[in-house]
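A.B. asks: Fold the stuff below for me.
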Amino acid sequence: MSVRRRAAALAITAVLCGAAAPVAVAAPSPSPSPSAPDLPAGLYGTKDPTYDGVWRQSLAFLAQKIELVTPATKSVDWLVGQQCDSGAFASYRDASEPCDDKTVADTNATAAAVQAVVELGVHREVVDNGVAWLKSVQNEDGGWGYNPGSPSDANSTGVVTGALARAGVPLADITTSGGKTPYTALQTFALPCGGEDGGAFAYQPDKDGKLTANADATAAAVLGAMGKGLAAGNYNAVKAPVCTEGAGLTPEQSAQNGASYLAKALAGSGYLESPPMPGAEESAPQPDFGNTADAVVALAASGHKDKAAGAVEYLEKHAQGWAKEGGPAATAQLVLAAHATGTDARDFGGVDLVRQLNATGPAPAATAVPSPTATAPSKPADTSSDDEGLGLWWIIGIGLAFGAGIGFLLSGRRKNQQL
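C.D. replies: Just a heads-up that it's a prediction; the model follows:
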């Protein structure tokens, strides 16, 4: 999700323009930032992590796990160490100091970290504490804002809802004292069917209450309404996108409305465009690779993998440079889009995205080769290991498999990974 890039853009805008309130914007590519030579050893990426440290680490883990890559223990320890005693995560903090009143808790970072730790299958206490904190900062309208107490928005509500669902929390139990649910909040951002933007979701209503279609918000809302996380995908079911009119829509119907909008938005060029930055000189719209990748995941998750095919082809041809420059989060977004549609992430337009992602952090504890796909079982994992000892056991296991005369499995199987 491009919320991390939006956070960086908002911070820059606030400094330049003296903005007092956040505005939904999306950058065409990750905002450039200087190298940060003193970063912690376990952190992925080399750029300033102030606005996206936890987010990019979490997306990297999600993308690695669906490709059967086990991150190094020190990388997992870094993410776990970012959690405050309250259960919240900031976008990034110096973990040598305890969280205090000046630590800015971030619902998006917390939700992403919760999802990542769930998929890693370790540190359940981190998940439970994160879930408890997210539930404690739910707004009275049923949704969440970017930071606790800020007005609800579709992106934050979608990503938090997906995290709670992935953590095993019954979404029907996530209600406010007034009986509002996350779905109640998402509905307030939904545009009715009809017209060019029918079925879309807005990031937030403007000061006059008007809703403006936002593709990134729509992708997040589709996943949230379906109770699916950032690494969601539906690899088999294919249905025609339909926009259902009327009041009293179910969460599934609202999600399908959003999917119908995304399908139309991608039908022509195969990519989504990035709106201009606030205060920037007017220029021709540019492709937004991150939002396009998010839309691909949302379409696949809602049963429209066929409608995402053109976007995947576009990303394969044009997004490699963006992903390499953008670092772990950008590369992870392409891995998630590839996996959701059954595309080989290790040969994505000729680029091995998994190798590229692995290279942005410490050497993984174990790596499966080749890439798993959505349509066939995968090979048992081969390994590459760091100095933390996990690789040895993978090597021993593979040796035993050969000794038992089942080496053919190593070249014939691929494991279906569906999150």
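A.B. asks: all helices for the stretch 1-150 of the chain, in order.
C.D. replies: Secondary structure of the stretch 1-150 of the chain (DSSP state H, counting those that start in this stretch): helices located at 3-17, 53-66, 73-81, 107-120, 124-136.
A.B. asks: residue contacts, A255?
C.D. replies: 221-223, 225-226, 302 (C-beta atoms under 8 Å, 6 or more residues apart in numbering). The C-beta positions use only the backbone N, C-alpha and C, and glycine is treated the same way.
A.B. asks: Can you tell me the element it falls in?
C.D. replies: When secondary structure is defined by DSSP states H and E, A255 falls within helix 251-267.
A.B. asks: average pLDDT for that helix?
C.D. replies: Helix 251-267 shows a mean pLDDT of 96.
A.B. asks: Partner strands of whichever helix or strand comes after it, with direction?
C.D. replies: Per DSSP H and E, the first helix or strand lying C-terminal to helix 251-267 is strand 273-274. With DSSP bridges as the test, strand 273-274 is paired with strand 286-287 (antiparallel).
A.B. asks: Show me where the stretch 301-419 of the chain dips below the pLDDT cut-off.
C.D. replies: For the stretch 301-419 of the chain, applying pLDDT under 70 flags the ranges 369-419.
A.B. asks: thinking again about what came up before, which stretch among the helices of the stretch 1-150 of the chain comes nearest A359?
C.D. replies: Smallest distance to A359 across the helices of the stretch 1-150 of the chain (C-beta to C-beta): 11.0 Å, for helix 53-66.
A.B. asks: and the closest one, what other elements does it pack with?
C.D. replies: Applying 3 or more C-beta pairs under 8 Å, 6 or more residues apart in numbering; DSSP states H and E, we find helix 53-66 packed against helix 3-17, helix 73-81, helix 107-120, helix 328-340, helix 353-358.
A.B. asks: Tell me which residues are up against the second one.
C.D. replies: Applying C-beta under 8 Å, 6+ apart, the set of residues contacting helix 73-81 from outside is 40-44, 54, 57-58, 61, 95, 113, 116-117, 120, 122-123, 126, 361-362, 365, 386, 388, 390.
A.B. asks: re earlier: of the helices and strands packed on helix 53-66, which stretch is the most buried?
C.D. replies: Using mean count of other C-beta atoms under 10 Å, the stretch among the helices and strands packed on helix 53-66 with the greatest mean number of neighbours is helix 328-340 (a mean of 30).
A.B. asks: okay, that one in PDB with CA atoms only?
C.D. replies: Output of helix 328-340 as PDB, limited to C-alpha atoms (Å, rounded to 0.1, in the frame of the first residue of the first chain):
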ATOM      1  CA  PRO A 328      12.200  -3.300  -0.200                       C
ATOM      2  CA  ALA A 329       8.700  -1.900  -0.100                       C
ATOM      3  CA  ALA A 330       8.400  -1.300  -3.800                       C
ATOM      4  CA  THR A 331      10.000  -4.600  -4.700                       C
ATOM      5  CA  ALA A 332       7.700  -6.300  -2.200                       C
ATOM      6  CA  GLN A 333       4.600  -4.700  -3.800                       C
ATOM      7  CA  LEU A 334       5.600  -6.300  -7.200                       C
ATOM      8  CA  VAL A 335       6.200  -9.700  -5.500                       C
ATOM      9  CA  LEU A 336       2.700  -9.500  -3.900                       C
ATOM     10  CA  ALA A 337       1.100  -8.500  -7.200                       C
ATOM     11  CA  ALA A 338       2.900 -11.400  -9.000                       C
ATOM     12  CA  HIS A 339       2.000 -13.900  -6.400                       C
ATOM     13  CA  ALA A 340      -1.700 -12.900  -6.400                       C
END
